[in-house]
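> Quick one: sequence plus predicted model below, questions after.
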Amino acid sequence: MPIHFGRRAILATCNLAQWAMDFDGNLQRILKSIEVAKARGARYRIGPELEITGYGCEDHFLEEDTYIHSWEVLCAILEGEATNDIICDIGMPVTHKNVRYNCRVLCLNKKILLIRPKMYLADDGNYREPRWFTSWRHPKKTECFYLPRMVRRITGQSKVPIGEAAVATLDTVVGTETCEELFTPDSPHIYLTLNGIEIIGNGSGSHHSLRKLNKRVDLIRGATAKCGGVYLYANQQGCDGGRLYYDGCAMIVVNGEIVGQGSQFCLKDVEVVTATIDFQDIRSYRSAVASRNVQAAQSEMIERVDVDFSLSTDEHVPISPGSEMFFVKPEEEIAYGPACWLWDYLRRSGSNGFFLPLSGGSDSSATATIVAVMCHLVEKEAKEGNQDVIDDARRITGDETGTYIPTADDLCNKIFYTCYMGTKNSSKETKKRAEDLAKTVNSYHLALTIDEIVASYSKVFTQVTDMVPKFKTEGGSNTESLALQNIQARTRMVLAYFISQLLLWTRNRKGSLLVLGSANVDEALRGYYTKYDCSSADINPIGGISKNDLKKFLIWAAEKFEWHVLKEVVEATPTAELEPTTENYTQSDEADMGMTYQELSRFGTLRKSDRCGPVEMFDKLVTEWNHIEPKEVAEKVKRFFYYYSINRHKMTTLTPSYHAESYSPDDNRYDLRQFLYNSKWTWQFRKIDEMAENFQVYNLKHKPHADK
């Protein structure tokens, strides 16, 4: 018998497109992943965090129904053949002694081996786990968990261990940690590996954020490079009902080497990643490090749950080779993440397409481009025979023949509706760019003017007040000019919803369209948009993305798809086109805001990501921006905080947006701050002025003198 027999095992992890509270759909996707894993010879399978319920149930986790239904789904898994001859690590919520826990449930051969509660809960950014769950407070210990009656009838067990333990098979030991625990300074995998546990599974619910994947991969690779062992990472993938897109990337890592990697952005509901590993590689790797062995020798023993089962196979199977991790560029993240999010939202909402007010500017063009990318992804999946995607496309487009196979151009024309809503202040250039882009991506496009509607509002106002408001360029005040600009913007929003409800009807189709927004994260932060204008929509795929990143994305898309009009969009000066253009005045976004988009992005990062108030922000920028005078830096910081505070109320009505940027000002869940400020910031601004004066004096004293 060859010496490798009994040492090699096929292990499986997965990306699952789970949907919060969709117990039927979630069950089918779990069963499919187990089926695929077993077909590939795997004898261990791990799934995402809370995969039975979906991660994003939020306050549904406070409902007892959610826990009952979770056990019912687990019963459906156990009573079939799914867990026969494979250890299944399944994520679900569990109540123990009237306390709610976020748990992993390890099953084999219709039995429950162990319930392992999460010990360190995520409670920052988008995560509020302690609101629903309690962390397990007894590390390295277990208690008895008494199973519900419905489970006892299937398993024949009355109780199982709950707590932190490992599962000892005949040939190895399996442990687990959950999502956030990987990111903690003293991660469980450290002492688990020192305790001889060779396989660590991590069921995660981790969302996409620009440039975030590198950190996750570094932690996983670092864990096994330092400690040795196998690390299997599972994740949700897709939109499960909220602002987040879970970006998959299921992976298997052995001794710091990636031996299996799933996709980051994908339309598949189930994606299984398998790899063949050799236990001897782990043992050799670990035992070669003397200092590690000293620590392992004195480690505290972790309880084992013994099972009469082997993960290894007696068949000859080649070991999976190591490979380099594949990362996409930020421009590609912007293309594919929001595109997949839009597809999930569209197919799960029961809607039949999108409507977008297309202005010809960079923001609405970016939204249109993302929809077009989505259509290309659908075509790709259809060509590869993804029946779920084909069936969704047929339902969305109203196909009754059962033969429709989507192509990007045809799908875009069937489900994507764009409209240029011009006024006398709009330019021929923006209208042409909108028309050219619509033609390029093949959307169903309309062009109209709204001057009559806008004029009717002014007429009514004049009738009741005998006053005629004017733009600044016509001699009016700032108050008049803003009102006249805002009514144009708000008219577009009302008209967008009106038209979107009727367009399918005009083409003899049933259903409804989702209205898309196109305000970027920087404008939301500054409040540079009209409340209840076209920023108000059903969803917004670019609401968490900066202006600078959007421009880079448009340049990438122009080259990738040869959509050359996008380069014209990027080269044009950003403008709202809400004021009349004169010989001496053309409206510009950056001039209106009193700051550049580059500056605004930096303000946003310091405010949110680096947790800076006004004084701390000035203190950092006065050094960073040493090419300008301290007093000018002070004015820029004060101007930002003034406009941020007077416009913060707009965040309370912000359209649900794809979360992509760490400095998002989303008031709903992510950036929790008041919306009524003292916009004078008297104490803080006084301190800034004092500091600026001191810096000016210091700079004058230490200014180098020119040689005589």
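Nice, thanks for sending it over. Numbering: from 1, shown residues only.

> what ranges do the helices span in the stretch 351-500 of the chain?
Assignment of helices within the stretch 351-500 of the chain using DSSP state H, counting those that start in this stretch yields the ranges 362-383, 387-397, 408-415, 428-441, 451-465, 478-506.

> With respect to burial, which of those helices scores highest?
helix 362-383 (a mean of 24; mean count of other C-beta atoms under 10 Å). Backbone N, C-alpha and C define where each C-beta goes, glycine included.

> And the average pLDDT for that helix is what?
Mean pLDDT, helix 362-383: 97.

> Show me what that helix is packed up against.
Counting contacts by 3 or more C-beta pairs under 8 Å, 6 or more residues apart in numbering; DSSP states H and E, helix 362-383 packs against helix 330-349, strand 354-357, helix 387-397, helix 408-415, strand 416-422, helix 428-441, helix 547-561, helix 565-571.

> Out of these, which is closest to Lys32?
Checking those against Lys32 by C-beta to C-beta gives helix 387-397 as the closest, at 10.2 Å.

> Tyr670 contacts Tyr663, doesn't it?
No: look at Tyr670 against Tyr663 with C-beta atoms under 8 Å: they stay out of range, at 9.8 Å.

> my read is Asn102 is in a strand, agree?
Yes: according to DSSP: H, G, I helix; E, B strand; the rest coil, Asn102 belongs to a strand.

> circling back to that earlier point, how about the helices of the stretch 351-500 of the chain in TSV, adding distance to Arg7?
Putting these into TSV (distance: least, C-beta to C-beta, whole Å) gives the following:
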stretch	distance to Arg7
helix 362-383	38
helix 387-397	38
helix 408-415	48
helix 428-441	54
helix 451-465	75
helix 478-506	60
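
> Now for the chain, the helix or strand with the poorest mean pLDDT.
Least confident helix or strand, the chain: helix 589-593 with a mean of 85, by mean pLDDT, DSSP states H and E.

> Against which helices or strands is whichever helix or strand comes after that one packed?
Sequence order places helix 597-604 as the next helix or strand after helix 589-593, per DSSP states H and E. Contact partners of helix 597-604 among helices and strands, from 3+ C-beta pairs under 8 Å, 6+ apart: helix 521-526, helix 547-561, helix 589-593, helix 630-647.

> Could you say which of the ones you listed is packed most deeply?
Of all those, helix 521-526 has the most neighbours on average by mean count of other C-beta under 10 Å, namely a mean of 26.

> just how off-centre is it within its chain?
18 Å (C-alpha atoms, centre = their mean, to the nearest Å).

> Convert the C-alpha atoms of it to CSV, please.
Output of helix 521-526 as CSV, limited to C-alpha atoms (Å, rounded to 0.1, in the frame of the first residue of the first chain):
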residue,chain,number,x,y,z
VAL,A,521,-20.6,59.2,-1.5
ASP,A,522,-18.7,62.5,-1.5
GLU,A,523,-21.8,64.5,-2.5
ALA,A,524,-23.7,62.8,0.3
LEU,A,525,-21.0,63.6,2.8
ARG,A,526,-21.0,67.3,1.8
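
> where does the residue found closest to Pro161 once you drop the neighbours it is linked to in the chain land on pLDDT?
Closest residue in space to Pro161, ignoring its immediate chain neighbours: Thr142 at 4.1 Å, by C-beta to C-beta, 6 or more residues apart in numbering. At Thr142, the pLDDT value in this model is 97.

> what's Thr142 in contact with, if anything?
For Thr142, the residues meeting the contact criterion (C-beta atoms under 8 Å, 6 or more residues apart in numbering) are 114, 161-165, 303.

> switch to 7 Å and redo it
The contact partners of Thr142, taken as C-beta atoms under 7 Å, 6 or more residues apart in numbering, are 161-163, 165, 303.

> Among these, which ones are in strands?
Among the contacts of Thr142, DSSP state E puts 161-163 in strands.

> Can you tell me which of those residues lies closest to Ser536?
Using C-beta to C-beta, Ile162 comes nearest to Ser536 of the ones in strands among the contacts of Thr142, at 47.2 Å.

> Ramachandran coordinates for Thr13?
Phi and psi for Thr13, reported as degrees, to the nearest 10, are phi -130, psi 180.
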